[in-house]
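Visitor: Fold the following and give me the result.
(one chain, ligands or ions: 1)
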Amino acid sequence: MTTTTEVAPVLEARSLSAGYRRVPCVREVSLDVRPGEIVVVLGPNGAGKTTTLLTLSGALPSLGGEVHLRGEPTDAALHHRVRGGLGIIPEERSVISRLSVRDNLRIGPGPVERALDLFPELRPLLRRRAGLLSGGEQQMLSTARALAAEPSVLLADELSLGLAPKIVTRLMQALRSAADRGAGVLLVEQHARQALAIADRAYILRRGSVVWSGSADEARANLQEIEGAYLGHEAAA
Ligand SMILES: Nc1ncnc2c1ncn2[C@@H]1O[C@H](COP(=O)(O)OP(=O)(O)OP(=O)(O)O)[C@@H](O)[C@H]1O
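Guide: A predicted model of the protein is given here:
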């Protein structure tokens, strides 16, 4: 894994506030992601992880602070950010059920062949309707589609949700490889262990604020304390 603190961030939140109907549930969050690293955002249900990711992507407008992409402040909408090199794997699998695997890849932002090189498991499934795939296969399709565009920044939300450990390992490996090829990856996860196994750094969000940040090594070494202090249910805080 690379230590990249001397490299300029590809993605930065500076005192970012975000929420719904003008009511912030994320307050003054600052974080950054550098090329070649995986940064994981951990936190209990309702901590504001998805809201932060959606606001970084441009899918939700910010309610304060700034988002910087490759050093430039931006308030562009999601599709502009995607054209500028941002990739997103949203929480709800973004495959189109009635289309074949091939057509789902065709409408993606990158070449179909590159997606298939990244996930050869999809080759025998090309003619199948995406709605008939297993959850793991659908997540591979979403991930392949996003990675085929070789994004310089990739945002992934709860990639592991409801999936078997073997598939999760496969997906995490694909993110690690993308980072090793130079992408900055921001991964939102509820399950700390598997995400920390491939991450370089971590932030913990609780009630809309960053309550801990450090290296993934540090987080792994203190996981029990961190889980006890920060990753319990919001209601129990
Ligand atoms: N579309 C929405 N409209 C209004 N409030 C919302 C909406 N989506 C989320 N919220 C609220 O915003 C807060 C933060 O939610 P968010 O989904 O960002 O948390 P999270 O950390 O991603 O949790 P989870 O792991 O459950 O997805 C919560 O209080 C949630 O109820």
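
Visitor: mind listing the helices for this protein?
Guide: For the chain, helices defined by DSSP state H occupy the ranges 49-57, 78-83, 101-106, 112-118, 135-148, 165-180, 192-198, 216-221, 223-230.

Visitor: Give me the distance between the most centrally placed residue in the chain and residue 17.
Guide: Central residue of the chain (C-alpha atoms, centre = their mean): residue 156, 2.0 Å from the mean position. Distance of residue 156 to residue 17, given as C-beta to C-beta, to the nearest Å: 23 Å. All C-beta spots, glycine's among them, are computed from the backbone N, C-alpha and C.

Visitor: ok, which residues in the chain are in contact with the ligand?
Guide: 20, 25, 43, 45-51, 190 (C-beta under 6 Å from any ligand atom).

Visitor: does residue 86 have beta-bridge partners, and which?
Guide: Beta-bridge partners for residue 86, by DSSP bridges, are residue 153.

Visitor: how many neighbours does it have?
Guide: Residue 86 has 28 neighbours, counted by other C-beta atoms under 10 Å.

Visitor: Tell me, what's the model's pLDDT at it?
Guide: On the pLDDT scale, residue 86 is placed at 95.

Visitor: Report the buried residues of the worst-scoring helix or strand of the chain on mean pLDDT.
Guide: Least confident helix or strand of the chain, by mean pLDDT, DSSP states H and E, is helix 223-230 with a mean of 85. For helix 223-230, the neighbour count (16 or more other C-beta atoms under 10 Å) marks 226, 230 as buried.

Visitor: swap in stretch 154-161?
Guide: Under 16+ other C-beta under 10 Å, the buried positions of stretch 154-161 are 154-160.

Visitor: ok, and what's touching stretch 128-138?
Guide: For stretch 128-138, contacts defined as C-beta atoms under 8 Å, 6 or more residues apart in numbering pick out 93, 95-101, 104, 121-122, 125, 141, 162-164, 167.

Visitor: low pLDDT regions in this protein?
Guide: 1-5, 233-237 (pLDDT under 70).

Visitor: Quick check: which of the helices of the chain is nearest to residue 6?
Guide: With C-beta to C-beta as the measure, helix 165-180 is the member of these nearest residue 6 (16.6 Å).

Visitor: CA atoms only for the closest one - export them in PDB, please.
Guide: Output of helix 165-180 as PDB, limited to C-alpha atoms (Å, rounded to 0.1, in the frame of the first residue of the first chain):
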ATOM      1  CA  PRO A 165     -17.900 -13.000   2.300                       C
ATOM      2  CA  LYS A 166     -16.300 -14.500  -0.800                       C
ATOM      3  CA  ILE A 167     -18.000 -12.000  -3.100                       C
ATOM      4  CA  VAL A 168     -17.100  -9.100  -0.700                       C
ATOM      5  CA  THR A 169     -13.500 -10.100  -0.800                       C
ATOM      6  CA  ARG A 170     -13.600 -10.200  -4.600                       C
ATOM      7  CA  LEU A 171     -15.200  -6.700  -4.700                       C
ATOM      8  CA  MET A 172     -12.700  -5.300  -2.200                       C
ATOM      9  CA  GLN A 173      -9.800  -6.700  -4.300                       C
ATOM     10  CA  ALA A 174     -11.200  -4.900  -7.300                       C
ATOM     11  CA  LEU A 175     -11.200  -1.600  -5.400                       C
ATOM     12  CA  ARG A 176      -7.700  -2.300  -4.100                       C
ATOM     13  CA  SER A 177      -6.500  -2.900  -7.700                       C
ATOM     14  CA  ALA A 178      -8.200   0.300  -8.900                       C
ATOM     15  CA  ALA A 179      -6.400   2.300  -6.100                       C
ATOM     16  CA  ASP A 180      -3.100   0.600  -7.000                       C
END
